[in-house]
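Engineer: give me a 3D structure for the following:
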Amino acid sequence: MRNSEPQNDPQEQILGSEAVSTSTGTSTTPTAEVEDMLRSFEDFCRIDMHRSDRTVENNSYWIKRFFDSVKKSPREISDQDVREYLGKYRNSPANTYANILKGFKAFFRDFMRMPWVVESFRFPSTPFHPKTVPSREQIAKFYHALNDSIAETIFLVLASAGLRKNEALSLRIGDVDLEQRTVIPRKGYDGAKNTWATLLNEEAAQAKKIPRNSERIES
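Structural biologist: Below is the predicted model of the structure:
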């Protein structure tokens, strides 16, 4: 049996707003509710959950698509509604299905405090795909074909420091010590992926292509 919601639930003011008369009585307008709820949900993900902007956008995108599909108020959603929606993506790539489910769990379990709506759903297993590693000749050919100083610099940083793309693109001059060949990437993820100092190889550190007069390395 579902527990009743506490009277001081912060979502009640939003969900109790704007009612319209219909032939069967009075009901709330789902569109207005969802719009208000999405704004609050985005703030919740960004501030309470300390999620990155990319994660916030992903969660909000899938929740909006879901409510556009079901045409229901958030409090009226059942696990069957979620099941039917996820069924449309049963044959989609595992990452797509997982991203949708992450958004649903963040919304219903964490934000709405309705864990029963999503607690039975499991994340898909990710199949193993061996990585195809290019040869040194292929890497050299790719590098020399860039023909752009900033792109070449970013390539060298990625290749030698092992940074993720967003970490490399967010670097500022103060994050790089060319004498010690160290890099301290800025934290741009949700906390699940942790990094500290990493090292550049000599070629990357000595490259004249690093834009010393720019505050940020732009793509």
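Engineer: report how many residues lie close to the residue lying closest to A161 once chain neighbours are set aside.
Structural biologist: Counting by Cβ to Cβ, 6 or more residues apart in numbering, T198 is the residue found nearest to A161 once chain neighbours are left out, at 4.6 Å. Glycine gets a C-beta too; all of them are placed from N, C-alpha and C. A count of nearby residues for T198, using other Cβ atoms under 10 Å, gives 16.
Engineer: how about E57?
Structural biologist: 13.
Engineer: and what of S73?
Structural biologist: Other residues near S73 number 18, with proximity taken as other Cβ under 10 Å.
Engineer: I'd like to know how far it sits from G87.
Structural biologist: Distance, S73 to G87, using Cβ to Cβ, to the nearest Å: 22 Å.
Engineer: one more: A32?
Structural biologist: 28 Å.
Engineer: try D148
Structural biologist: Going from D148 to G87 by Cβ to Cβ gives 46 Å.
Engineer: and for A106?
Structural biologist: Following Cβ to Cβ, the distance that separates A106 from G87 is 20 Å.
Engineer: between these two, which is the more surrounded one?
Structural biologist: Under the criterion of other Cβ under 10 Å, the comparison of A106 against G87 puts A106 first, with 24 against 9.
Engineer: what's the nearest residue to that one if we skip its chain neighbours?
Structural biologist: Closest residue to A106 in three dimensions, ignoring its sequence neighbours and counting by Cβ to Cβ, 6+ apart: N59, at 5.2 Å.
Engineer: can I assume the one you found is in contact with K102?
Structural biologist: Yes: with contact defined as Cβ atoms under 8 Å, N59 counts as touching K102 (7.0 Å).
Engineer: who has more neighbours, these two?
Structural biologist: Legend: neighbour count by other Cβ under 10 Å for N59 and K102, higher for N59 (26 against 15).
Engineer: that one: which element?
Structural biologist: Using DSSP states H and E, N59 falls within helix 53-70.
Engineer: show the subsequent helix or strand relative to that helix.
Structural biologist: Tracing the chain past helix 53-70, the next element assigned as helix or strand by DSSP H and E is helix 79-87.
Engineer: tell me the spacing between the residue nearest the centre of the chain and V157.
Structural biologist: Taking Cα atoms, centre = their mean, the centroid of the chain lies closest to T55, which sits 2.0 Å from it. Taken as Cβ to Cβ, the spacing of T55 relative to V157 amounts to 24 Å.
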